[in-house]
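> Need coordinates for the below:
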Amino acid sequence: MALLLFYSLVVVLGILSMGFQMLASRLLSPHYGSTVVEWVWLISTFLAAFSAGSVLGGWVSNLPTARRGRLQIAVAAVGVASLALTAFYQKPMLDAIELHFIPDVRDMNNQGGADMNMAVFLSCMALFFVPVTALSSFGPQCVGWLAGCGTPPGKASGVVYGVSTLGNIAGVMLTVFVLIPNPHLGLKRLLYIWLGVAAVSLTALIVLMRLTAKKD
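As a prediction, this is how the structure comes out:
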């Protein structure tokens with residue numbers, strides 16, 4: 001049962017990460033259009049967050065049990081808080097950034113201009129980098145947990161990231177083909193759903209890891 005719950009949570013975190021990228025593109029498009037500039041910065045921000053999260057998670061997973069538990073809670077809290085900031089305040093934040101860097105709507109025609117690049121870059125960093133980093137940090141920790149349960153480290157890494165990637169694929173498909181087109185689910189409501197699922201899944205994962213750690 002513990003392994004079933006564990007793999008389910010890994011899939012959910014994968015869904016949250018890549019599904020969030022699809023939601024992010026919908027958040028940006030009313031302000032900057034669906035352009036190659038938007039996607040370059042959006043994909044780069046998510047990749048940078050995946051990288052930073054992997055480094056952070058690898059460091060946390062090697063800490064002593066008590067300190068590791070405290071930092072897991074702290075990282076999860078930061079991730080949920082930053083996701084809440086995106087869910088509740090994304091519009092005024094995007095409006096302020098857009099107005100500061102592109103005060104004249106005619107400047108939107110200059111898709112490759114420095115102001116456009118800076119506006120999209122800051123929007124991505126402000127709204128998406130921190131929550132995605134926090135979510136990604138639990139990948140290496142999941143590998144460490146599974147290895148601690150007796151799975152060889154190489155196999156644990158392959159299984160966790162393989163299952164997580166399946167969650168990534170499911171997140172893209174589910175978000176684009178089911179959730180976004182649903183007339184009863186607006187973008188703001190989807191962000192609230194992401195926030196709630198992230199809070200519950202991260203809490204469940206931390207509890208599972210802590211209960212196991214007490215038995216070591």
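> Would you mind confirming that Phe121 is in contact with Leu42?
No - under the criterion of CB atoms under 8 Å, Phe121 makes no contact with Leu42, lying 9.9 Å away. C-beta here means a position set from N, CA and C on the backbone, and glycine is covered the same way.
> higher neighbour count, these two?
Neighbour count, other CB atoms under 10 Å: between Phe121 and Leu42, Leu42 has more, with 22 against 18.
> residue contacts, the more buried one?
By CB atoms under 8 Å, 6 or more residues apart in numbering, the residues touching Leu42 are 21, 24-25, 28, 120, 124, 128.
> now do Ser201
Listed by CB under 8 Å, 6+ apart, the contact partners of Ser201 are 9, 12-13, 16.
> Where does it fall, secondary structure wise?
Per DSSP states H and E, Ser201 falls inside helix 187-215.
> Could you give me the buried positions within that helix?
Using 16 or more other CB atoms under 10 Å as the test for burial, helix 187-215 gives 190-191, 194-195, 197-199, 201-202, 205-206, 208-209.
> What of stretch 45-53?
Within stretch 45-53, the residues that count as buried by 16+ other CB under 10 Å are 45-46, 48-50, 52-53.
> Any regions of the protein where pLDDT drops low?
Across the chain, the ranges flagged by pLDDT under 70 are 103-114, 213-216.
> For the chain, which segments count as helices?
2-32, 36-61, 65-101, 114-124, 130-136, 138-148, 153-174, 187-215 (DSSP state H).
> what angle do the second one and helix 187-215 make?
It stands for helix 36-61. In terms of direction (axes from the mean of the first three to the mean of the last three CA atoms, to 10 degrees), helix 36-61 departs from helix 187-215 by 20 degrees.
> Tell me, how many residues neighbour Asn117?
Counted by other CB under 10 Å, the residues lying close to Asn117 total 15.
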